[in-house]
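A.B. asks: Just to be clear, the model below is a prediction. Sequence and coordinates:
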Amino acid sequence: MESHHGDNRHVLAESGVWVVNAGTTSSPLASLQKSLWRFSAVTFLPANYPRSVSEDYAPYQICNILQNFCSKITGLLGTQSTFKTFGVGDATATAAAATITTVLQDGSGMLGQILFTYGFGSHMDEHIKVWRYSADVFFDAAIFLDILAPNLPRKYFVFTACCASVLRAICGVTAGSTKSSIYQHFALEENLGDIHAKEQSQSTLINLIAMIFGTLIIRMAHEDAAWIWGLFIFFSVLHLVFNYIGVRSVVFSNLTADRMQIVIKSYLSSKGAEMMTPSQVAPLESILTLPSIPVEMGISLEHLATQARLQAPNESSDAKLLAELAAAWEGKKYMAARTPSGVAVALHDGCEVKDCIEAFFCGLAWVQLELPDAVAARQYIQSHFEPFYQSLATKWDVDRKLYFNDNGWRSRWKLTKKD
């Protein structure tokens, strides 16, 4: 190895190949570029990116940034219309009237948020992609009402404004709850807080750019209704398209009813030859609508007896029906009964994750293979579930909590091993 300090060069010999490297001295421009890149990386990217996040982080965040830009533009259009609704520019408008309208709006939003959380809050984790996409649908619907309000008779102003506030509040609940679950999935190094912080930085920057761009657009529109509606439709469509692509790109490895249904149907159709991976399932998950799941998990014993009676109306009592079901599923931590729409499953309070997977597999196999009764369903499970589970465990995270269309009931009955 030969070194020349005077001209700042180093001559290196590796495997007989001579390489001349320039010194470490860099130009001011290059130093500035490095400093800007370092600042951007520290401010906008999670620490140790990309190894600290999952592979689907980048495509999701790119779409998230683009949809944030579009939503900010439509939000500015809605704000302009809201000011008109409150009477900005109208000599007859009063501060008291605007205050009352604001109070009614905020109150409606708060009440709507509470009622929505009561009805749907427990189902967010089960259908993350559906609710994440729905959040932006609610947002665009709220902006639509904001823009529509000034064009309605004055007596409808308050009602329309309150409806928009409710939709905006529901958007906040669904977006906030599902976003947390999605970012938890991205975090590979227990860096959820870092990912959240960097997402906020990204959103702040893109919102600042969108505010400048949106202000220019609003000035060009000159409150022309055709322009405003055209811009709203254009950016709302882009908003929903980017959000759809982003949500679709997320690849979860935990199991939900929707993912399990896709996996089990493929497995049964291939007669056990194919076990779909998370990346194969992701493009098939429901986003626009809640999936139809024929297996109802975690019902009460009373409800199970009611469902079983629909298939055996001549039985004398619910107790006899439950005794027959207990005998059919002896030794199992679940009992299943055929219903007109699928299969209902009662779960024992000692059931574990694997038992829930088995019960769900049993229900879907019973429906898809059109097995005649509980005895046939149990016989099928006895010979086919264990190979399915072993294959499933190689591709999916089977140890995490399952979200299986669960009604939450757990019951107790005597568990006796079947001979």
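C.D. replies: Happy to help now that I have it. Numbering: from 1, shown residues only.
A.B. asks: how does this protein divide up, domain by domain?
C.D. replies: Here the domain parsing of the chain from automatic domain parsing is 57-249, 259-395.
A.B. asks: So for the nearest residue to Gly214 once chain neighbours are set aside, what pLDDT did the model give?
C.D. replies: Spatial nearest neighbour of Gly214, excluding adjacent residues (CB to CB, 6 or more residues apart in numbering): Leu76 at 4.0 Å. C-beta: built from backbone N, CA, C; applies to glycine. pLDDT, Leu76: 92.
A.B. asks: ok now the host helix or strand of Leu76, how far from the chain's centre?
C.D. replies: Leu76 belongs to helix 57-85 when assigned by DSSP states H and E. Its chain's C-alpha centre and that of helix 57-85 lie 19 Å apart, by CA atoms, centre = their mean, to the nearest Å.
A.B. asks: Which SSE is immediately downstream of that helix?
C.D. replies: Immediately after helix 57-85, counting by DSSP H and E, sits helix 95-120.
A.B. asks: I'd like to know which elements that next one is packed against.
C.D. replies: helix 157-186 (3 or more CB pairs under 8 Å, 6 or more residues apart in numbering; DSSP states H and E).
A.B. asks: Please compute how far the helix it packs on lies from its chain's middle.
C.D. replies: 13 Å.
A.B. asks: Stretch 112-127 now?
C.D. replies: Taking CA atoms, centre = their mean, one finds the center of stretch 112-127 at 13 Å from the center of the full chain.
A.B. asks: List the buried residues of stretch 118-129.
C.D. replies: Buried residues in stretch 118-129, counted by 16 or more other CB atoms under 10 Å: Phe120, Met124, Asp125, Glu126, His127, Ile128, Lys129.
A.B. asks: Please apply the same query to stretch 53-64.
C.D. replies: Val53, Ser54, Asp56, Tyr57, Tyr60, Gln61, Cys63, Asn64.
A.B. asks: Next one: the last one from Ala197, what distance?
C.D. replies: Asn64 is 15 Å from Ala197, where distance means CB to CB, to the nearest Å.
A.B. asks: and what of the second one?
C.D. replies: According to CB to CB, Ser54 and Ala197 sit 18 Å apart.
A.B. asks: what angle sits between the helix holding Leu76 and helix 95-120?
C.D. replies: Helix 57-85 and helix 95-120 meet at an angle of 140 degrees, taking axes from the mean of the first three to the mean of the last three CA atoms, to 10 degrees as the criterion.
A.B. asks: what angle separates helix 57-85 from helix 157-186?
C.D. replies: With the same axes, to 10 degrees applied, the angle from helix 57-85 to helix 157-186 works out at 170 degrees.
A.B. asks: residues of helix 57-85 that come out buried?
C.D. replies: 57, 60-61, 63-78, 80-82, 84-85.
A.B. asks: related to what we said a few turns ago, could you take the domains of the chain and lay them out as JSON lines, with extra columns for distance to Leu415?
C.D. replies: Shown next, in JSON lines, are those (distance: least, CB to CB, whole Å):
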{"stretch": "domain 57-249", "distance to Leu415": "28"}
{"stretch": "domain 259-395", "distance to Leu415": "6"}
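A.B. asks: Ile357 belongs to a helix?
C.D. replies: Yes: the assignment for Ile357 is a helix, going by DSSP: H, G, I helix; E, B strand; the rest coil.
A.B. asks: show me the contacts for Phe213.
C.D. replies: Ile73 (CB atoms under 8 Å, 6 or more residues apart in numbering).
A.B. asks: Need the pLDDT of it.
C.D. replies: Confidence score, pLDDT, at Phe213: 92.
A.B. asks: mind checking which helix or strand it is in?
C.D. replies: helix 192-221.
A.B. asks: Could I get the buried residue list for that helix?
C.D. replies: For helix 192-221, burial by neighbour count (16+ other CB under 10 Å) applies to 194-195, 198-199, 202-203, 206-207, 210, 214, 217-218, 221.
A.B. asks: Kindly indicate which of those lies nearest Val398.
C.D. replies: Lowest distance from Val398 to the buried residues of helix 192-221 (CB to CB) belongs to Ile195, with 25.1 Å.
A.B. asks: which ones are touching the closest one?
C.D. replies: Pro46, Val53, Tyr57, Tyr183, Phe186, Ala187.
A.B. asks: what pLDDT does it get?
C.D. replies: At Ile195, the model reports a pLDDT of 95.
A.B. asks: So, low pLDDT: which residues of the chain?
C.D. replies: 1-26, 85-95, 97-98, 312-316, 417-419 (pLDDT under 70).
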